[in-house]
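Peer 1: Sequence and predicted model, in that order:
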Amino acid sequence: MKKQGILTIVSGFSGAGKGTLMKRLLSKYQEDYCLSISATTREPRKGEVDGKDYFFINASLFEQMIETGQLLEHARYLDNYYGTPRNFVVDKLDSGVNVLLEIEMQGALKIKEQYPGTLLIFIMPPSIRMLEQRLRGRGTETDEVIDARLKRAYDEMEFIKNYDYIIVNDQLDSCTERINQIVCNEKYRVYRNLEFINNIENELLAYQRGD
């Protein structure tokens, strides 16, 4: 029987490199992972594709999805909605695929409440100076937006203690391998293998009885 996929949430400060890490992980382990595409009401950045990077929808449609229970979680961040479509995630996990969610911290904790087995990984920059350099290097945001993101990062620090692992994104390939190893190890936790353990116990019991 194929093992249930691991629902893995990857969060981190804006500019920490979450998206780049996810792309490398998905490229290297195509059969083992899929990325859950979030819905958002923000405008696409240059090069982003609807249905691939995000589902770009208007606020009215997003609010309808909230009301009808079509989202695992949703949150408002810098005047825009973000949310995770439910059916896609559940179907992939049941098929044994590890589902990656790249979402903010409050949404991650909401999902953890619904699915306690969710794995939470927080991506950290090597330093805040490096984080600012990465944000400015995008060339897509104003100084005002960059300032808001850095101030937001301070507020987000309080959520990190609720995560299972932190990964310092200092070297892309090694960070990618660390994430994959963490996810692989999760599949061997005792509580994820109770059915197998029970089967072995029953076989031993039958042996003891001479069946």
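Peer 2: Sure thing, it's come through. Numbering: from 1, shown residues only.
Peer 1: can you pull out the strands in the chain?
Peer 2: Secondary structure of the chain (DSSP state E): strands at 7-12, 33-35, 39-40, 55-56, 71-77, 80-85, 98-102, 119-124, 165-168.
Peer 1: For F196, find the nearest of the ones you listed.
Peer 2: Closest to F196 of the strands of the chain, according to CB to CB: strand 98-102, at 18.7 Å. The C-beta positions use only the backbone N, C-alpha and C, and glycine is treated the same way.
Peer 1: ok, residues contacting the closest one?
Peer 2: 5-11, 18-19, 22, 25-26, 32-36, 38, 84, 89, 92-93, 108, 111, 183 (CB atoms under 8 Å, 6 or more residues apart in numbering).
Peer 1: can we see that at 7 Å?
Peer 2: 5-10, 18-19, 22, 32-36, 84, 89, 92-93, 183 (CB atoms under 7 Å, 6 or more residues apart in numbering).
Peer 1: Can you tell me which of the strands of the chain is most buried?
Peer 2: strand 7-12 (a mean of 25; mean count of other CB atoms under 10 Å).
Peer 1: That one - what's its average pLDDT?
Peer 2: If you average the pLDDT over strand 7-12, you get 94.
Peer 1: got it, and stretch 118-131?
Peer 2: 89.
Peer 1: What's the separation between V49 and F56?
Peer 2: Separation of V49 from F56 (CB to CB, to the nearest Å): 9 Å.
Peer 1: where along this protein do the helices fall?
Peer 2: For the chain, helices defined by DSSP state H occupy the ranges 18-28, 59-67, 86-94, 105-114, 128-138, 143-156, 172-186, 194-209.
Peer 1: Tell me which residues are up against the lowest-mean-pLDDT helix or strand in the chain.
Peer 2: Taking mean pLDDT, DSSP states H and E as the measure, the helix or strand of the chain with the lowest value is helix 128-138, at a mean of 78. Contact with helix 128-138 is made by F13, S14, G15, A16, G17, P125, E141, I146, R149, L150, as judged by CB under 7 Å, 6+ apart.
Peer 1: Comparing the helices of the chain, which yields the minimum mean pLDDT?
Peer 2: Among the helices of the chain, helix 128-138 scores lowest, at a mean of 78.
Peer 1: What residues of that helix count as buried?
Peer 2: L131, E132, R134, L135 (16 or more other CB atoms under 10 Å).
Peer 1: now those in a markdown table, with distance to E156?
Peer 2: Listed next are the buried residues of helix 128-138 as a markdown table, based on distance: CB to CB, whole Å:
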| residue | distance to E156 |
| --- | --- |
| L131 | 12 |
| E132 | 15 |
| R134 | 16 |
| L135 | 14 |
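Peer 1: And those, which is closest to L71?
Peer 2: When these are compared for distance to L71 (CB to CB), L135 wins out at 27.8 Å.
Peer 1: how much space between that closest one and A148?
Peer 2: 10 Å.
Peer 1: residues in contact with the residue nearest to A75 when sequence neighbours are not counted?
Peer 2: Nearest non-adjacent residue to A75, counting by CB to CB, 6 or more residues apart in numbering: G107, 4.7 Å away. Contact partners of G107, counting by CB under 7 Å, 6+ apart, are E73, H74, A75, Y82, T84.
Peer 1: Could you tell me which residues make contact with the residue nearest to G12 when sequence neighbours are not counted?
Peer 2: Using CB to CB, 6+ apart and skipping the chain neighbours, the partner closest in space to G12 is I123 (3.3 Å). I123 sits next to V10, G12, A16, G17, K18, L21, I167, N169 when contact means CB under 7 Å, 6+ apart.
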